[in-house]
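Engineer: Predicted model, plus sequence, below.
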Amino acid sequence: MIRKLDIAAVHKMLLTTLRGAGVNAGFSLKEETDATGKVTKAINYPATVLTFITGLPEDTKTSYGMTRYLTLNIIDEYDSFIRIYEHMAKIYGVFSEKLEIDGFTIEAVKGTENDPSEDNGFLQQELQYVLHIQQIMEV
């Protein structure tokens, strides 16, 4: 039997799993302000921004599975990379095991890991993963 998979549910599940592991993750990085411009919710660093890359020729879709590409950009305002490395360890822990959702497994294969860098006073680290999503076949 071929099942349909809601990609938005996969994105939400990954976000929930990362947050459950103590990773401050989201799909955007912005502070919230009120009508007067006063900050009501500041950005809590280190923060990880998830970006799913779509539309690539390698982005395959079959009746039983698909491949998605995920970039995680860790940003910190601290003057040392130690908090970024702690954040990375939590991310590695989440992606070290197969995840399951709605009759599908998600296996994350670590791709490129760029060297840490500094940009406008913020420290950054970029991790890339290839997510192999496969339907669990019933016997």
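Structural biologist: In hand now; what should we look at?

Engineer: need the strands for the protein, in chain order.
Structural biologist: 25-26, 32-33, 39-41, 47-53, 65-76, 99-101, 104-113, 117-119, 122-135 (DSSP state E).

Engineer: Kindly export the longest one (C-alpha atoms) in CSV.
Structural biologist: Pointing back at strand 122-135 there. Listed next in CSV are the C-alpha coordinates belonging to strand 122-135 (Å, rounded to 0.1, in the frame of the first residue of the first chain):
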residue,chain,number,x,y,z
PHE,A,122,27.8,36.9,15.4
LEU,A,123,29.4,33.4,15.3
GLN,A,124,28.0,31.0,12.8
GLN,A,125,28.2,27.3,12.0
GLU,A,126,26.5,25.6,9.1
LEU,A,127,25.5,21.9,9.0
GLN,A,128,24.0,20.1,6.1
TYR,A,129,22.0,16.9,6.1
VAL,A,130,20.4,14.7,3.5
LEU,A,131,17.2,13.2,4.8
HIS,A,132,16.2,9.8,3.3
ILE,A,133,12.5,9.3,3.9
GLN,A,134,11.3,5.8,3.2
GLN,A,135,7.9,4.2,3.6
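
Engineer: Now that strand: buried residues?
Structural biologist: By 16 or more other Cβ atoms under 10 Å, the buried positions in strand 122-135 come out as Leu123, Gln124, Gln125, Glu126, Leu127, Gln128, Tyr129, Val130, Leu131, His132, Ile133, Gln135. For every residue, glycine as well, the C-beta is placed using N, CA and C.

Engineer: Now tabulate these in a markdown table and tack on distance to Met88 and pLDDT.
Structural biologist: Listed next are the buried residues of strand 122-135 as a markdown table, based on distance: Cβ to Cβ, whole Å; pLDDT from 0 to 100:
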| residue | distance to Met88 | pLDDT |
| --- | --- | --- |
| Leu123 | 12 | 90 |
| Gln124 | 12 | 91 |
| Gln125 | 7 | 91 |
| Glu126 | 11 | 92 |
| Leu127 | 7 | 92 |
| Gln128 | 13 | 92 |
| Tyr129 | 12 | 92 |
| Val130 | 17 | 90 |
| Leu131 | 18 | 89 |
| His132 | 21 | 87 |
| Ile133 | 23 | 86 |
| Gln135 | 30 | 83 |
